[in-house]
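J.: Model the following, please.
(chains A and B)
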Number of protein chains: 2
Amino acid sequence: MNKDIPVISLQRLPVYLNYLKGLNDGEVYVSSGSIAAALDMGEVLVRKDLAYTSAAGRPRVGYVKSELIAALEDYLGCNGKRSAVLVGAGALGKAVLSYGGFKNYGIEIVAAFDSDPEKVGTEIAGKKVHAMGEAASKINELNAELAVICVPAQYAQEVADMLVKCGVKAILNFAPVLIKTDEKVVVRHIDVAANLAILSSMLEG
Amino acid sequence: MNKDIPVISLQRLPVYLNYLKGLNDGEVYVSSGSIAAALDMGEVLVRKDLAYTSAAGRPRVGYVKSELIAALEDYLGCNGKRSAVLVGAGALGKAVLSYGGFKNYGIEIVAAFDSDPEKVGTEIAGKKVHAMGEAASKINELNAELAVICVPAQYAQEVADMLVKCGVKAILNFAPVLIKTDEKVVVRHIDVAANLAILSSMLEG
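T.: Below you'll find the predicted structure:
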């Protein structure tokens, strides 16, 4: 349903949402100009991005803040419910499992998988860790379309292949390696080290 | 020195680097066309991005792979050495401290800070956890220009303000909130939940 929005615009919607949620409760209206100024962006761009949602600005006053928040939440699926699984219950996997922010977006990580027999059967933040061999049946049973990969780089591709076979439609990859999938599967890559390196490159000298 | 590259191009350089490093050792040359095809990008864009580095393509054969890797590594500061500190030694902070990928980019996380007295004085992955009150002297002593924020959202802004006062020039923020700094300080935001939500929104239905 959201296919027509450019990814670059879609990426900014959570930024707007976080900004709006951080405003004082007392503020009833918010203008594209004030959003643009606060986020150091162009006003035309802000208005264009927000036009992908159902929010409608009003002449002179801008958007009703609560309506705009609701429109963004609706667009981002915050009011729905999607299940995700996580593969790789190491340090990073544990941190992601313990992270509370997903529910704001209507996402719940419902299970984890790991190849380490010592981890299988344990619970992390209330989520059970299963053996890798159970992935197919569990993903099916839990109807999980989203997956988070937190395994070392050398296992990321085979894990991704396995997840896609199990019916996963979207993958968030933390492993520092590019993974290739069927083009119907959407993949986002968070390379923590590369992000710090980009910052480092932006420094002078 | 790297100020003239657009951030959007800079962001792609680690992607090229990871791709090139993953190729077989036997491959001597690599063309912009083959990189573009492998990464599902336009060839002109690839060539434009790589032109920011010192790499020079050769007619017909393309780039010498080892030279291109060296040029990207040089541009990204992989051969230099920059020190980073981390604030917030909770689950995510621990995962980032334990993460080995930074050294590929010439970055070392040299110390952590936390407000929890039980964590202060401990070591995580060989890095000592200091009290917040020691931040100013330690950051100065260690000459750390980079910082990673892994504290809960409500503390992120004050931590950022403190870091900037201590001389930090670039911040990687994992807290799910926008932080504002002096415009000379560069900030990147990794919102894990938002990234999964973006994927979720890209699914149909």
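J.: Give me the residue ranges of chain A where confidence is low.
T.: For chain A, the stretches with pLDDT under 70 are A:1-3, A:204-205.
J.: Outline the domain layout of it.
T.: Segmentation of chain A into domains, based on automatic domain parsing, reads A:7-75, A:82-195.
J.: Restrict the lengthiest helix in chain A to CA atoms and write it as PDB.
T.: Ordering each helix of chain A by length in residues (DSSP state H) puts helix A:7-21 first. Backbone C-alpha positions of helix A:7-21 (Å, rounded to 0.1, in the frame of the first residue of the first chain) are rendered in PDB as follows:
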ATOM      1  CA  VAL A   7      12.500   5.200   0.300                       C
ATOM      2  CA  ILE A   8      14.400   8.400   1.000                       C
ATOM      3  CA  SER A   9      11.100  10.100   2.000                       C
ATOM      4  CA  LEU A  10       9.900   7.000   4.000                       C
ATOM      5  CA  GLN A  11      13.200   7.200   6.000                       C
ATOM      6  CA  ARG A  12      12.300  10.600   7.100                       C
ATOM      7  CA  LEU A  13       8.800   9.800   8.400                       C
ATOM      8  CA  PRO A  14      10.100   8.400  11.700                       C
ATOM      9  CA  VAL A  15      12.200  11.500  12.200                       C
ATOM     10  CA  TYR A  16       9.200  13.700  11.900                       C
ATOM     11  CA  LEU A  17       7.200  11.500  14.200                       C
ATOM     12  CA  ASN A  18       9.900  11.500  16.900                       C
ATOM     13  CA  TYR A  19      10.200  15.300  16.600                       C
ATOM     14  CA  LEU A  20       6.400  15.800  16.900                       C
ATOM     15  CA  LYS A  21       6.100  13.500  19.800                       C
END
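J.: Packing partners of the very next helix or strand once past it?
T.: As assigned by DSSP states H and E, the chain's next helix or strand after helix A:7-21 is strand A:29-30. Here strand A:29-30 touches strand A:63-64, helix A:65-75, going by 3 or more CB pairs under 8 Å, 6 or more residues apart in numbering or on different chains; DSSP states H and E. Yep, even glycine has a C-beta here, placed from its N, CA and C like the rest.
J.: Tell me the buried residues in the last one?
T.: Within helix A:65-75, the residues that qualify as buried by neighbour count (16 or more other CB atoms under 10 Å in any protein chain shown) are A:65, A:67, A:68, A:69, A:70, A:71, A:72, A:73, A:75.
J.: Now narrow these to whatever sits close to chain B.
T.: Among these, proximity to chain B is found for residue A:75 (CB under 8 Å from any CB of the partner chain).
J.: Among the buried residues of helix A:65-75, which one sits closest to chain B?
T.: residue A:75 (6.8 Å; CB to the nearest CB).
J.: Which residue comes closest to residue A:14 once chain neighbours are left out?
T.: Once flanking residues are discounted, residue A:14 sits nearest to residue B:194: 3.5 Å by CB to CB, 6 or more residues apart in numbering or on different chains.
J.: just residue A:43 next, same as before
T.: residue A:36 (4.1 Å).
J.: hang on, isn't that neighbour packed against residue A:48?
T.: No: Residue A:36 is beyond contact range of residue A:48, at 11.0 Å (criterion: CB atoms under 8 Å).
J.: Which one of those two is surrounded by more residues?
T.: residue A:36 (16 against 13; other CB atoms under 10 Å in any protein chain shown).
J.: for the more buried one, phi and psi?
T.: phi -60, psi -40 (degrees, to the nearest 10).
J.: Now do the same contact list for it.
T.: A:42, A:43, A:45, A:46 (CB atoms under 8 Å, 6 or more residues apart in numbering or on different chains).
J.: which residues touch the closest residue to residue A:72 other than its chain neighbours?
T.: The spatially closest residue to residue A:72, leaving aside those adjacent along the chain, is residue A:17, at 4.5 Å (CB to CB, 6+ apart). Residues in contact with residue A:17 (CB under 8 Å, 6+ apart) are A:69, A:72, A:73, A:76.
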